[in-house]
Every structure is written in C-alpha cells, then in structure tokens.
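Asker: How does the following fold in three dimensions:
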Amino acid sequence: MSVQTWLNRIWYERASPPWWLRPPALAYGAVAGSRRFLYGKGLRKSTCLPVPVVVVGNLSVGGTGKTPLVCWLVARLVERGRKPGVVTRGYGGTTTGVRLVTPVDDPALVGDEAILLARRTNRPVTIGRDRPAAAQLLLNAGCDVIVSDDGLQHYPLARDCEIVVIDGDRLFGNGWLLPAGPLRESRSRLASADAVIVNGGRALLEGAISMRLEAKNAFGLRAGGAKLLEEFAAGPVHAVAGIGNPERFFNMLRAHGIEVRGHPLPDHAHIKAADIWFGDGRPVLMTEKDAVKCSEIAGAHHWYVPVSASFAAAEGAVILDTVTSAIDGRAARA
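Answerer: You can find the predicted model right below:
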C-alpha cells in the first residue's frame, strides 16, 4: 500500500485521525493561519499586478476539478473580448525558475497540467514557484487578465477574485488539516471566497454553485480519430487515472455503460509503459492529463477522455458576473 493510499483511508474513510497525527495538524494550522494573517495585514508583501488576477483553488490536496474550470473560465473570458493567460505551479515538472509553456513541451520538464492547459485554452500559460514572476511573463505576452490554476494559499500574488472548488463526493474528508486530514485550510476560509463551486456529488453546500464534468468522446493517442464513449460498452476496458480522485474518472466511464477495470495511479505520476500495457489488447482509457505523458509509449488501443466543466445556464452566468465584477472593480480603482 502506498503512503497516499494509506492517508486517503484515514482522510476519507475514518471519522477521526489517529491521535499521533493531530499535533502536527495543529502545528500546520498555526503556521498557515499566521502566514495568512501576516499577508492580510500587510506585514508581508503581496505583489499587486497591473491587471486583474483570478485565483481558482481549493481547500484540500488532490484534484477537485480546478483545471477544467480554468479552461471553461478562460474560454468565456475570450468570448467577452478579454486576453487571459494562465499561471500554474508546474507540478510534476523538473523546471526551476519561471517559463512560458508550449503545447509540445516535455511534460517531464513543465508538468502534465501545464501542457493540458496550453493545449485546451490556446492561450499563454506560464509555470513557476514564484507566481508573481511567472505572471509577469503573461503580462509581457499581452494578457490583460491572469487566471491562476491553484494558488489559493499562495499569498505573495495578490488577487482580485477567489473561486474555491470542492469535490462533491469527498467534500472535506474528516475535516482535519494536513497531515491528519486533507485540508490545507479550515472550511471557515470559504467565507472569504468570492464563489464556491461544488464539483458533482450529492451534497451541495449552501450558497455554492453546482458544476458537472462531462465527457462524450475518447480520442486515440496513436491511431487518432474519435469514438463515442458508449462504443466502449461492448466489453471490459482498462481505465488509468493518475489524478487526485481516480474513482471519479472510473465512475464517469461507468455512467456511460462501460465495464471498467480501474488502475489508479498517484496524482501527477510519472507513467511507464508497464502502467498502461496489460497484455490482453483491451482498450485502455485514460485521463487527458495522463495522456500528455504517454504519446511515446501508447499503442493503437490507447485512448484519452477529455472532460469539460458544465453549469446550468443561470449558475454559469453567476460565475461570469462574479469574475467580471471583480475585473471591472479593479479597473474602477486604477
């Protein structure tokens, strides 16, 4: 059993963590709280860029659906005549410093999510631990709005709008901070966010907006072409997911009538051929994030399944109005 699997059982399957994980969680909360206090009071400096910054983040570790939401938001901003760019950490990559990302970059250097964002948004994307410096590259590229994929807790970059995404199935786990639970900050942090979005699941928090991740087609990594997901319902398939919550991907496929043999991998896993070849020739479906790392080791039976964020019309308008108000408010203060 991997460390992450062991922690997930504590975080999401137990009502409370073991006693010996609680003291470090309390220490983590004290450090995180004092850090936010110092930035909030101006005792530590945040960099305020000359254009609006919208942060899409979460309270918990692991995937909650931030990246599909970022892609959706960037597309809507483009439709409204804006020139957005995306800044992200570049998790899983080995690059130090900051840099612009291209759709053909090596995921081992820049990370899988950065390449996915560059391909899906067709807008400038930068990576770097120093997010203000990475965002400056977007300004140099002519962007007039910065969208940060993750970075809710990265206070050196000042922001005009915060959107928090929550996994509707897992919610807040056992409610404890790291390492006793999955939370980076307590759920009271939601009160200061401009919008809270719940991705799927059965429990919608009061005042939150409901988001769905939808998929219709699978695309061949090597052979090209597309198939409707329902075309894979004739027999069992292998499904590979190196994301924060692999079961979400597996269950999405099952909802299309597909018999899934799931193969979960750690989030941002460095995928090897042995991780996606199973010796029986059955179709292998994987997430789009994983697919960017598999082009050189995939065969004709390997497919990736892109997902897109979807909202009820009224709720999508609420999100856009929230972001647009923050952008307009920034312009009015300039």
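
Asker: what about the residue sitting furthest away from the middle of the chain, helix or strand, and which?
Answerer: In the chain, counting by Cα atoms, centre = their mean, residue 280 sits farthest out from the average C-alpha position, at 32.2 Å. Residue 280 is located outside every helix and strand, with elements delineated by DSSP states H and E.

Asker: how about the helices of the stretch 201-334 of the chain, start to end?
Answerer: In the stretch 201-334 of the chain, the segments counted as helices under DSSP state H, counting those that start in this stretch are 246-254, 273-276, 288-291, 313-333.

Asker: for those helices, which one sits closest to residue 73?
Answerer: For residue 73, the closest of the helices of the stretch 201-334 of the chain is helix 313-333, at 6.9 Å, according to Cβ to Cβ. C-beta: built from backbone N, CA, C; applies to glycine.

Asker: quick one: the residue farthest from the centre of the chain and residue 28, what's the gap?
Answerer: Distance of residue 280 to residue 28, computed by Cβ to Cβ, to the nearest Å: 44 Å.

Asker: Same question for residue 231.
Answerer: In terms of Cβ to Cβ, residue 231 sits 47 Å off from residue 28.

Asker: now swap in residue 315 and tell me
Answerer: Remark: distance between residue 315 and residue 28 (Cβ to Cβ) = 33 Å.

Asker: Who has more neighbours out of the two?
Answerer: Per other Cβ atoms under 10 Å, whichever of residue 315 and residue 28 has more neighbours is residue 28, with 19 against 16.

Asker: So for the more buried one, what's the pLDDT?
Answerer: At residue 28, the model reports a pLDDT of 96.

Asker: quick one: which helix or strand includes it?
Answerer: Applying DSSP H and E, one finds residue 28 within helix 22-40.

Asker: List the buried residues of that helix.
Answerer: For helix 22-40, burial by neighbour count (16 or more other Cβ atoms under 10 Å) applies to 22, 25, 28, 29, 32, 36, 39.

Asker: For the last one, give its distance to residue 107.
Answerer: Taken as Cβ to Cβ, the spacing of residue 39 relative to residue 107 amounts to 32 Å.

Asker: Same check on the fourth one?
Answerer: Distance, residue 29 to residue 107, using Cβ to Cβ: 34 Å.

Asker: what's the answer for the second one, then?
Answerer: Counting by Cβ to Cβ, the gap from residue 25 to residue 107 is 33 Å.

Asker: So residue 85 sits against residue 126, correct?
Answerer: Yes: using Cβ atoms under 8 Å, residue 85 makes contact with residue 126 at a distance of 7.1 Å.

Asker: shared neighbours of the two, anything?
Answerer: Shared between the contact lists of residue 85 and residue 126 (criterion: Cβ atoms under 8 Å, 6 or more residues apart in numbering) are residues 135, 138.

Asker: Which one of the two is surrounded by more residues?
Answerer: Each of residue 85 and residue 126 has its neighbours counted (other Cβ under 10 Å); residue 126 has more, 29 against 25.

Asker: tell me the secondary structure for that one?
Answerer: strand (DSSP: H, G, I helix; E, B strand; the rest coil).

Asker: Is residue 158 in contact with residue 50, as I believe?
Answerer: No: using Cβ under 8 Å as the test, residue 158 is too far from residue 50 to be in contact (11.1 Å).

Asker: For those two, indicate the residue with more neighbours.
Answerer: Higher neighbour count among residue 158 and residue 50: residue 158, with 14 against 8, using other Cβ under 10 Å.

Asker: Can you give me the domain boundaries for this structure?
Answerer: Split into domains by automatic domain parsing, the chain comes to 3-82+144-211+311-333, 216-306.

Asker: Which one of those domains lies nearest to residue 118?
Answerer: Closest approach to residue 118 among the domains of the chain (Cβ to Cβ): domain 216-306, 9.6 Å.

Asker: what pLDDT, on average, does the closest one get?
Answerer: Averaged across domain 216-306, pLDDT comes to 93.

Asker: Show me how far it is from its chain's centre.
Answerer: Distance, stretch centre to chain centre, for domain 216-306: 18 Å (Cα atoms, centre = their mean, to the nearest Å).

Asker: got it, and stretch 201-213?
Answerer: Centroid separation for stretch 201-213 versus its chain: 16 Å, with Cα atoms, centre = their mean.

Asker: which parts of that stretch are buried?
Answerer: Those would be 205, 208, 209, 210, 211, 212, 213, for stretch 201-213 by 16+ other Cβ under 10 Å.

Asker: Quick one: mean pLDDT for it?
Answerer: The predicted model assigns stretch 201-213 a mean pLDDT of 83.
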